[in-house]
Each structure stands twice: as structure tokens, then as C-alpha cells.
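J.: okay, here's the prediction I keep looking at, along with the sequence it came from:
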Amino acid sequence: MDRNSRIFVAGHRGLVGSAILRRLTEAGHTDLVIRDRSQLDLTDQAAVRAFFDREGIEQVILAAAKVGGILANDRFGGDFIRDNLLIQNNVIDAAWRAGVKKLLFLGSSCLYPKHAEQPIKEEALLTGEMEPSNKPYAVAKIAGITMCQAYRRQYGFNAICAMPSNLYGPGDHFEPETSHALPGMIRRFHDAKVAGDPTVTLWGTGTPRREFLYVDDMADACIHLMDHYDSGEIINVGPGEDIAIADLAALIRDTVGYTGTLTHDLSKPDGHPRKLMDVSRLFATGWRPKVSLEEGLRRTYDWFLENAAPERRQVPKQAAE
Ligand SMILES: NC(=O)C1=CN([C@@H]2O[C@H](COP(=O)(O)OP(=O)(O)OC[C@H]3O[C@@H](n4cnc5c(N)ncnc54)[C@H](OP(=O)(O)O)[C@@H]3O)[C@@H](O)[C@H]2O)C=CC1
Ligand SMILES: C[C@H]1O[C@H](OP(=O)(O)OP(=O)(O)OC[C@H]2O[C@@H](n3cnc4c(=O)[nH]c(N)nc43)[C@H](O)[C@@H]2O)[C@@H](O)[C@@H](O)C1=O
């Protein structure tokens with residue numbers, strides 16, 4: 001990506017957006033455009049149109065979305081489908097109208113059929129029943145992909161679509177109920193360690209498998225695709241290996257230094273049994289991930305301790321007296 005190109009990083013405060021902003025800044029980019037939600041609500045079509053008409057944006061990385069773990073998706077499907085359809089419709093359309101040269105849209109591995117053949121090839125999209133827990137989110141995302149492909153075919157708009165695996169790292173969300181599995185478990189093991197709780201409860205059976213990509217690798221992949229990928233075909237982005245949730249829990253337990261026991265809350269959903277993606281299309285472009293899961297967990301927990309651990313929140317003075 002040209003260092004002088006005017007790039008809008010939508011969702012720059014989020015897990016992926018903040019990593020992309022970090023990477024582009026480190027690479028010496030001088031014309032990065034960012035807007036907090038309070039400055040530009042991407043669900044507001046008129047505001048988004050006016051923004052693109054005014055700002056002369058040349059490239060867009062769309063890392064803004066309504067995102068959450070399996071329970072948030074299961075409980076708030078109306079919010080997920082509404083907000084994601086609004087955000088992506090507004091940004092993709094306004095970017096095209098304003099003459100943006102290239103846009104990156106982010107789907108997810110959870111868009112693939114629940115029982116897709118593993119590892120999952122990009123051609124598997126829409127070939128089978130979807131996982132019900134995140135169907136509203138997934139249908140919205142598939143609409144976004146379809147919109148990008150239709151705008152390319154009808155208008156020649158260079159929109160590309162990546163399908164990331166589960167992502168994690170600095171800037172993630174650690175709220176126990178709404179977060180993704182990896183940060184949720186970090187928080188759960190950490191809180192139990194601080195409180196001296198004898199047991200930690202995991203959701204589900206622990207048998208599902210998930211593919212985890214460290215968010216700085218994801219940021220590198222996004223920039224790599226902006227530089228080297230111009231096809232309308234979706235492209236999987238992941239490390240190409242997965243781990244059972246129960247084994248991930250053991251890794252997180254050791255990273256946090258928790259010594260208690262584990263139980264399972266079987267009332268919580270398992271979701272996809274597995275969603276390991278075939279990343280040969282991505283690897284053929286020359287990209288490879290750099291950060292292992294063990295190293296990524298270490299860095300993520302260090303970031304959590306510095307920035308997100310509940311005991312770091314200042315207790316109001318009067319409450320402490
Ligand atoms: N995390 C994961 O495991 C995966 C994520 N993805 C995709 O990657 C992308 C980024 O996800 P991730 O970084 O995890 O998500 P986050 O929730 O961390 O970040 C989303 C960002 O979007 C912003 N946003 C949400 N709604 C609006 C709005 N109405 N107006 C303006 N900004 C808004 C948020 O702003 P604010 O900070 O104000 O809330 C936040 O900065 C998404 O498209 C997601 O679908 C795909 C696969 C896996
Ligand atoms: C990235 C992807 O993320 C979502 O899909 P998901 O991968 O199924 O979501 P998840 O990260 O929350 O992993 C869930 C798995 O993990 C188990 N599990 C154990 N203990 C905890 C736990 O403490 N929290 C959570 N959330 N899950 C737990 C849980 O039982 C289940 O088996 C999509 O909605 C969508 O948002 C999407 O794109």
C-alpha cells in the first residue's frame with residue numbers, strides 16, 4: 001500500500017482495526033483516516049455518504065462491524081444482522097460512489113456450512129446448512145461478500161473479501177459473557193487465579209476445534225492482500241492449523257498460571273464442531289503467519305494484565321475510604 005495513499009481504517013479501535021492501524025503507522029503511512037463511532041456512526045447512510053464525498057479516501061479497510069462470541073451471536077441476532085447489513089451497505093456503496101480505488105471486506109470462517117468438509121475450501125460457501133448460533137451475523141456477512149462481488153461485476157469496483165479464522169491478541173474484548181472463547185477463557189482463568197477459586201467452568205463440551213490467528217499476523221495479511229490480491233473470489237486467512245477448545249483451555253490455564261480444576265457448563269452451545277480452513281490460496285500468494293499460538297497467548301495475556309484486568313480498574317476514591 002502506497003505510503004502516501006489516503007486510507008480509511010474503519011473500526012480502528014477494534015481488535016483488527018487497531019492492529020492494522022499499528023502496522024500501517026509502523027510502516028510509515030502518512031495519510032491514515034480514522035473516525036470514532038461518536039464522530040461517524042457507520043450505520044448512518046447520510047453521514048457515511050457525506051464523509052466519503054468530503055474526505056477523498058483512496059483505499060478502505062473495513063474492520064468495523066458488530067462482532068461477538070457464540071453467546072452474544074445467539075442472543076442478539078437481530079442486532080448482529082441489522083448493524084452489519086447497515087455498516088457494510090453504507091461503506092461499500094459510499095466508497096464506490098466516491099471513487100475509492102480498493103476496499104477490503106472481512107467475512108469469517110463461521111460463514112461456512114456447519115458440517116463443511118475440512119479443511120474448508122472457499123468454494124464451500126453456501127453449500128450446506130449454517131451453524132444456527134451465528135446465522136444472522138453470517139447471513140449479513142455473506143450479503144456483504146455478495147455485494148462486493150456484484151459491485152465488481154456491474155461497476156468494476158475493486159472490492160476484495162477475506163475470510164479470517166478466529167482472531168485474538170492485544171485489543172481483544174474480555175467480557176465473560178459476550179467475548180470470543182480465547183479472551184473469555186483468559187478472563188475466566190485470570191479472575192479465578194486472583195480470587196483463589198478452586199474451579200473454572202468452560203462452556204460446552206470442549207471438543208469443538210478452532211483455528212486461531214494472532215491479530216498482528218491478521219493485520220499483515222490484510223495489508224498483503226491490499227497489495228497483492230485483486231480477485232473477486234473470497235480468500236481464507238488463517239494459520240492452517242486448529243486446536244480443540246479443551247486443549248486451548250489447558251494452554252491458557254498454563255499461560256495464566258492457574259492451578260485449580262476445570263468443569264464444563266453443558267448448557268452453553270458448542271457451535272461449529274470444526275472450521276479449519278484450507279489456506280492454500282493465501283499461502284500461494286507468499287504470505288505466512290509468524291506468531292505461534294503459545295507465543296500469541298503470552299503476548300495477549302501480558303496485554304490483558306496491562307490494559308484489561310478488572311483489578312486494574314481504579315476503585316473510586318470515596319469507595320476506597
Ligand atoms: N474477532 C474475530 O475473531 C474475528 C473477526 N472477524 C471480522 O473482523 C472484523 C473486525 O472484528 P474485530 O476487530 O474482532 O471487532 P471489534 O468488535 O474488536 O471491533 C469492531 C469495530 O467496529 C466499530 N464499530 C462497530 N459498530 C460501529 C458503528 N455503527 N459505527 C462505527 N464504528 C462501529 C467498533 O467501534 P467501537 O470501538 O466504538 O465499539 C470497533 O472499533 C469484523 O468484520 C469481524 O466480522 C472475522 C473473523 C474472526
Ligand atoms: C470468530 C467467530 O466467532 C464466533 O464463532 P465461534 O468460534 O463458535 O465463537 P467463540 O469464539 O465464542 O467460540 C465458541 C466455542 O468455544 C467454547 N467456549 C468455551 N469456553 C468459552 C468461553 O468462556 N467463551 C466463549 N465465547 N466460548 C467458550 C464454546 O462452547 C464454543 O464451542 C462467531 O459467532 C462469529 O463471531 C465468528 O466470526
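T.: Noted; the coordinates are in hand. Numbers count the residues shown, from 1 in each chain. Ligands and ions are numbered 1, 2, ... in the order given.

J.: what's the burial count for the residue in the chain that ligand 1 sits nearest to?
T.: Here the chain gets closest to ligand 1 at one residue, residue 14, 2.0 Å apart by CB to the nearest ligand atom. Any C-beta I mention is one placed from the backbone N, CA and C, and that applies to glycine too. Number of residues near residue 14 (other CB atoms under 10 Å) recorded here: 20.

J.: now residue 234
T.: 21.

J.: kindly report the same for residue 165.
T.: Neighbour number of residue 165 under other CB under 10 Å is 24.

J.: residues touching it, list them.
T.: 109, 210-213, 236-239, 275, 277 (CB atoms under 8 Å, 6 or more residues apart in numbering).

J.: secondary structure added to those residues, as a markdown table?
T.: Shown next, in a markdown table, are the contacts of residue 165 (DSSP: H, G, I helix; E, B strand; the rest coil):
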| residue | secondary structure |
| --- | --- |
| 109 | helix |
| 210 | strand |
| 211 | coil |
| 212 | strand |
| 213 | strand |
| 236 | strand |
| 237 | strand |
| 238 | coil |
| 239 | coil |
| 275 | coil |
| 277 | strand |
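
J.: can I have the buried ones of the residues you listed as a ChimeraX selection?
T.: Selection command for ChimeraX covering only the buried members of those, criterion 16 or more other CB atoms under 10 Å:
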select :109,210,211,212,213,236,237,238,239,275,277
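
J.: how near is the residue of the chain closest to ligand 1 to residue 119?
T.: 27 Å (CB to CB, to the nearest Å).

J.: got it, and residue 214?
T.: The value you get for residue 214 to residue 119, if CB to CB is used, is 19 Å.

J.: between the two, who's got more neighbours?
T.: Counted by other CB under 10 Å, residue 214 and residue 119 do not tie: residue 214 has more neighbours, with 24 against 19.

J.: residues from the protein in reach of ligand 1?
T.: 11, 13-17, 37, 41-43, 63-67, 83, 87, 106, 108, 164, 166-167, 180 (CB under 6 Å from any ligand atom).

J.: can you name the element that comes right after whichever strand or helix holds residue 191?
T.: According to DSSP states H and E, residue 191 maps onto helix 181-195. Sequence-wise, the next helix or strand downstream of helix 181-195 (DSSP H and E) is strand 199-203.

J.: what lines up beside that following strand in the sheet?
T.: If you go by DSSP bridges, strand 199-203 pairs up with strand 261-265 (parallel).

J.: mind jotting down where the helices sit in the stretch 1-150 of the chain?
T.: 15-26, 45-55, 70-75, 77-97, 135-155 (DSSP state H, counting those that start in this stretch).

J.: ok, and does the shortest one reach over to ligand 2?
T.: Yes: judged by CB under 6 Å from any ligand atom, helix 70-75 comes into contact with ligand 2 at 70-71, 73.

J.: remind me which residues of the stretch 151-300 of the chain are low pLDDT?
T.: Across the stretch 151-300 of the chain, nothing is flagged by pLDDT under 70.
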